[in-house]
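Novice: here is my input; please provide its structure:
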Amino acid sequence: MLYLVHMVVNIPASVPAEEATRIKAAEKAYSQQLQESGQWPHLWRVVGEYANYSVFDVASNDELHSTLSQLPLFPYMQITVTPLAKHPSSIR
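Specialist: Sure, this is the predicted structure:
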């Protein structure tokens, strides 16, 4: 199943800089693992924001929830999920 996921990150200023750096490095490693596995085939930055739009390809709502909740930045994210279906006019 495909999902369009909008993630907005807001790390509070109260998080120490070295902790924020550690969390971001862990986030990068985990996200690249998911991209390499094919579960996160598309990732786009939103210009001028600490946010992204991504496409996830996972088996179920529960798998998506589990995947997203394991993101190291998850506690600092506002996430919107839109399930996707093939458009009848699409040639791909």
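
Novice: what distance separates the start and the end of stretch 65-73?
Specialist: Start and end residues of stretch 65-73 are separated by 14 Å (C-alpha to C-alpha, to the nearest Å).

Novice: let me see the mean pLDDT of that stretch.
Specialist: The average pLDDT within stretch 65-73 is 98.

Novice: contacts for that stretch next, please.
Specialist: Outside of stretch 65-73, the residues within contact range by C-beta atoms under 8 Å, 6 or more residues apart in numbering are 5, 7, 9, 11, 23-24, 26-27, 30-31, 34, 39, 56, 58, 74, 77, 79, 81. The way it works is simple: take the backbone N, C-alpha and C, and place the C-beta from them, glycine included.

Novice: what comes up buried for it?
Specialist: T67, L68, L71, P72, L73 (16 or more other C-beta atoms under 10 Å).

Novice: tell me which entries of these lie within strands.
Specialist: Under the assignment DSSP state E, those contribute nothing to strands.

Novice: can you list those in CSV and add distance to E18?
Specialist: CSV is the format used below for the buried residues of stretch 65-73 (distance: C-beta to C-beta, whole Å):
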residue, distance to E18
T67, 27
L68, 25
L71, 20
P72, 14
L73, 16
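
Novice: what about the strands in the protein?
Specialist: Counting by DSSP E, the strands of the chain are 2-9, 42-45, 51-57, 77-84.

Novice: partners of the shortest one, with directions?
Specialist: Spelled out, that is strand 42-45. Sheet pairing of strand 42-45 (DSSP bridges) gives strand 51-57 (antiparallel).
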